[in-house]
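[1] no FASTA, just this:
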């Protein structure tokens, strides 16, 4: 098994390093990178306008990476009278580590579907919800909160930017290295990976690789694109991916 990890840095290199210590052949091909989001400067003020008991959602570790320095630079504190929720354990831990705040998260899978199933989020009528995220993506969380009576606002803390590669060159590189397993952690990256390579590389190599994804939704999307050997990890963090790759 020779593995290609397509998630962004630094998580990609961290996972590859762990795989290599286990004696596995692994490489990185990050498909996206992150830049600061447009709403970051207004985050301290936005948090200050919330009422005690309002909700704050963090949809990735990158939110903490970009937002916390802004909070520090403005001498603003992450308020301890708000209720914080994260998409998964790693994101919750990232915020807890820098703030010591309690952060709830779904323990089953790191998806919006699991997040909105949390018991505490069933009764949110009249509350305000601030969603800290990257550039716009899925709206399931916001739509569900609105349907339950919450007022939803967004703060774009970072933007995802597609990394550019020459598909023909990359196709030859990874076929020569004998890549047989691919790790993909978002629908956006799955589409990029499929579109990157020439049709002959997709037919003869890419779609024959084993694919590790992080949700049933991604598995369905991958099957529609033509993959057949698909496994769903039990989370989106590197620990879960490592379990799936073992």
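    Arrived safely, thanks for sending. Only a predicted model underlies this, so the values are computations on that prediction, with no experimental measurement involved.

[2] who's in contact with residue 163?
    Contact partners of residue 163, counting by Cβ atoms under 8 Å, 6 or more residues apart in numbering, are 30-33. In short, each C-beta sits where N, CA and C put it, glycine included.

[3] just these now: which is nearest residue 213?
    residue 31 (13.6 Å; Cβ to Cβ).

[4] Lowest mean pLDDT among the helices and strands, pick that one out for the chain.
    When the helices and strands of the chain are scored by mean pLDDT, DSSP states H and E, helix 112-115 comes last with a mean of 89.

[5] Report the next helix or strand after that one in sequence order.
    Per DSSP states H and E, helix 112-115 leads on to strand 128-133 as the next helix or strand towards the C-terminus.

[6] Beyond that next one, next helix or strand please.
    The element immediately downstream of strand 128-133 (helix or strand, assigned by DSSP H and E) is helix 140-147.

[7] so what secondary structure elements neighbour that next one?
    Judged by 3 or more Cβ pairs under 8 Å, 6 or more residues apart in numbering; DSSP states H and E, the packing partners of helix 140-147 are helix 112-115, strand 128-133, strand 151-156.

[8] Show residues contacting stretch 178-197.
    So stretch 178-197 is contacted by 1-7, 15, 25, 27, 31-32, 137, 160, 162, 165, 167-168, 170-171, 202, 205-206, 209-214, 217-218, 221-222, 225, 236, 241, 245 (Cβ under 8 Å, 6+ apart).

[9] Next one: residue 230 from residue 190, what distance?
    11 Å (Cβ to Cβ, to the nearest Å).
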